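K.L.:
Quick one, fold the following:
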Amino acid sequence: MHEVDIAIVGAGLVGVPLALALDAAGWRVALLEQGNRQGEKQGGKPLGAMRDRDTAAANPVRQEVALEARCSALSAGSVAWLREQGFWDVVSPEATPILSVQVTQAGSFGVTRLDAHAEGFDAFGQVLANNAMLRAWQALLDGSTVLQRYGFRVEGVAHRTVPGQQERCVVISADDGAQPDIAARLLVAVDGFSSRIRELAGVAARHHDYDQVGVLTNVELAEPHRNVAHERFTAAGPLALLPRGERVANVVHSVATQDAERIMALDDAAYLAELQQHFGYRLGRFRRVGSRLSVPLMRIESMAPQAPRTLFLGNAARLLHPVAGQGYNLALRDVAALVRALGLRQSQSADIGSAEWLGRYVAGRADDRAGTVRLTDLLARGFTGSAAGPKHLRSLGLLGLDLIGPWKRAFLRRTTGVGGREWARR
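P.N.:
Numbering: from 1, shown residues only. Below is the predicted model:
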């Protein structure tokens, strides 16, 4: 049996930076992942290789790779925390900054324009290929003291008393019986929306189906995107285009569930024509499209944020609609708060897995979590539909957000993750 302070189940984009940050603070950490080591290949192609200055003419191979990358938009607050921890420089060459945001509604006059420099930001955020982040951070893991276990599917979680102490521990065992058990003072579950740890803890989850499917892809643009991110609300659902490289946009296209099968069956030319019809020609003509992935869009929330000696983070705690890109950034704020609450190992005398300690952490995160869920839900539901009356009201709302300073500042505080207690504005 291996004894550690903290066991993290899930070696993805939340679990890996958490493990690195806790290792740097002196904690003994185990990182357990049921799958193989991630972030190296998908579909036989390395992902995320395109840099900001690359174009199709300069490097068609990298442009092809960029069209296949699955991406995340990191808010300014997330970038600030990653930089503070020393995790940013290894991924920054792959990042594309978001210097401006335009929010529009199809068929309406309202528009919100947000300029990063005018609002005091170097950038509102950065767009990165998921596998590029994982690949870089896993290289940092290899230079750390984190105990890494891949192919570790959790079979059971038991609670015992630490020999010679009053403190309890949680023991995690693998289903194959070949890997040693892991004993930890605290278990952090970041193993996705269908969390195995949540299931073993007997914690249910509430589901809300938005009756939408997200079509995830990338498109090559005829014109440079100029580092502008677009969020366009259509009758079927939100449509987001995030800048990548110079002439690639990462697309999250929300469509009605009843229409998803038809859209996924379209050939590339027909899909590009439909996407162009929804978005318009603000970025010129869409020239090519990468492979498409469809995912049902829903909100899934754990009925409890914690269980005995167990904390749920990331999608194991809540899966949000992708509108405004808040899910991953909220998870990183949770991670930052946990790292801050734990502090340095040698200066932490509390029982970090106790219900009291976990309860204090959860209470400190409640407002940010609830506010982000409300905003995401409002945008996902409030801007869908084509009825004339509500559409005009939504147009006025977008216009008001563009013109009324306090509204705009409140929106930016929430979506960039800065301005409050989590991070200082940078």
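K.L.:
doesn't residue 85 make contact with residue 21?
P.N.:
Yes. Counting by Cβ atoms under 8 Å, residue 21 does reach residue 85; the two are 5.2 Å apart. Quick note: C-beta positions are derived from backbone N, CA and C, even for glycine.
K.L.:
shared neighbours of these two, anything?
P.N.:
residue 339 (Cβ atoms under 8 Å, 6 or more residues apart in numbering).
K.L.:
tell me, what residue is most central in the protein?
P.N.:
Nearest residue to the geometric centre of the chain (Cα atoms, centre = their mean): residue 328, 2.1 Å.
K.L.:
returning to that earlier point: who's more crowded, residue 21 and residue 85?
P.N.:
A direct count of neighbours by other Cβ atoms under 10 Å for residue 21 and residue 85 places residue 21 higher, at 23 against 17.
K.L.:
Residue 357 and residue 211: what is the separation?
P.N.:
40 Å (Cβ to Cβ, to the nearest Å).
K.L.:
what residues are up against the closest residue in space to residue 318 that isn't next to it in sequence?
P.N.:
In space, residue 318 comes closest to residue 301 once its chain neighbours are excluded; the distance is 4.6 Å by Cβ to Cβ, 6 or more residues apart in numbering. By Cβ under 8 Å, 6+ apart, the contact set of residue 301 is 205-206, 317-319, 373.
K.L.:
For those, give me TSV that also has secondary structure and distance to residue 151.
P.N.:
Output for these, formatted as TSV (DSSP: H, G, I helix; E, B strand; the rest coil; distance: Cβ to Cβ, whole Å):
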residue	secondary structure	distance to residue 151
205	strand	26
206	strand	31
317	coil	25
318	strand	27
319	strand	25
373	helix	34
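K.L.:
wait, what's in contact with the nearest residue to the residue nearest to the centre of the chain once chain neighbours are set aside?
P.N.:
Spatial nearest neighbour of residue 328, excluding adjacent residues (Cβ to Cβ, 6+ apart): residue 72 at 5.2 Å. Residues in contact with residue 72 (Cβ under 8 Å, 6+ apart) are 13, 127-128, 130, 133, 325, 328.
K.L.:
Out of those, which sit inside helices?
P.N.:
Judged by DSSP state H, the contacts of residue 72 include 130, 133, 328 as members of helices.
K.L.:
can you map out the strands along the stretch 251-400 of the chain?
P.N.:
286-289, 293-302, 306-307, 310-312, 318-319 (DSSP state E, counting those that start in this stretch).
K.L.:
Looking at these, which one is packed in the most?
P.N.:
Each of the strands of the stretch 251-400 of the chain was scored by mean neighbour count; the highest is strand 310-312, a mean of 26, by mean count of other Cβ atoms under 10 Å.
K.L.:
Given it, what are its sheet partners and their directions?
P.N.:
strand 182-189 (parallel), strand 306-307 (antiparallel) (DSSP bridges).
K.L.:
quick one: the helices in the stretch 151-300 of the chain?
P.N.:
Assigned by DSSP state H, counting those that start in this stretch, the stretch 151-300 of the chain shows helices spanning 196-200, 257-265, 268-279.
K.L.:
Which among the ones you listed is found nearest to residue 179?
P.N.:
Closest to residue 179 of these is helix 196-200 (Cβ to Cβ; 15.2 Å).
K.L.:
where in the stretch 251-400 of the chain is pLDDT low?
P.N.:
Within the stretch 251-400 of the chain, the segments meeting pLDDT under 70 span 382-400.
K.L.:
Please tell me the pLDDT value assigned to the nearest residue to residue 196 once chain neighbours are set aside.
P.N.:
In space, residue 196 comes closest to residue 154 once its chain neighbours are excluded; the distance is 5.3 Å by Cβ to Cβ, 6+ apart. Residue 154 carries a pLDDT score of 94 in this model.
K.L.:
From residue 193, how far out is residue 154?
P.N.:
Taking Cβ to Cβ, one finds residue 154 at 16 Å from residue 193.
K.L.:
and those two? which has more neighbours close in?
P.N.:
A direct count of neighbours by other Cβ under 10 Å for residue 154 and residue 193 places residue 154 higher, at 22 against 18.
K.L.:
Tally up the residues packed near residue 82, please.
P.N.:
So residue 82, with other Cβ under 10 Å, has 24 neighbours.
K.L.:
Wait, a helix at it?
P.N.:
Yes. Under DSSP: H, G, I helix; E, B strand; the rest coil, residue 82 falls within a helix.
K.L.:
Need the nearest residue in space to it, chain neighbours excluded.
P.N.:
Closest residue in space to residue 82, ignoring its immediate chain neighbours: residue 88 at 4.2 Å, by Cβ to Cβ, 6+ apart.
K.L.:
now do residue 15
P.N.:
Residue 15 sits nearest to residue 190 (Cβ to Cβ, 6+ apart), 4.3 Å away.
K.L.:
Next: residue 238.
P.N.:
Once flanking residues are discounted, residue 238 sits nearest to residue 323: 4.4 Å by Cβ to Cβ, 6+ apart.
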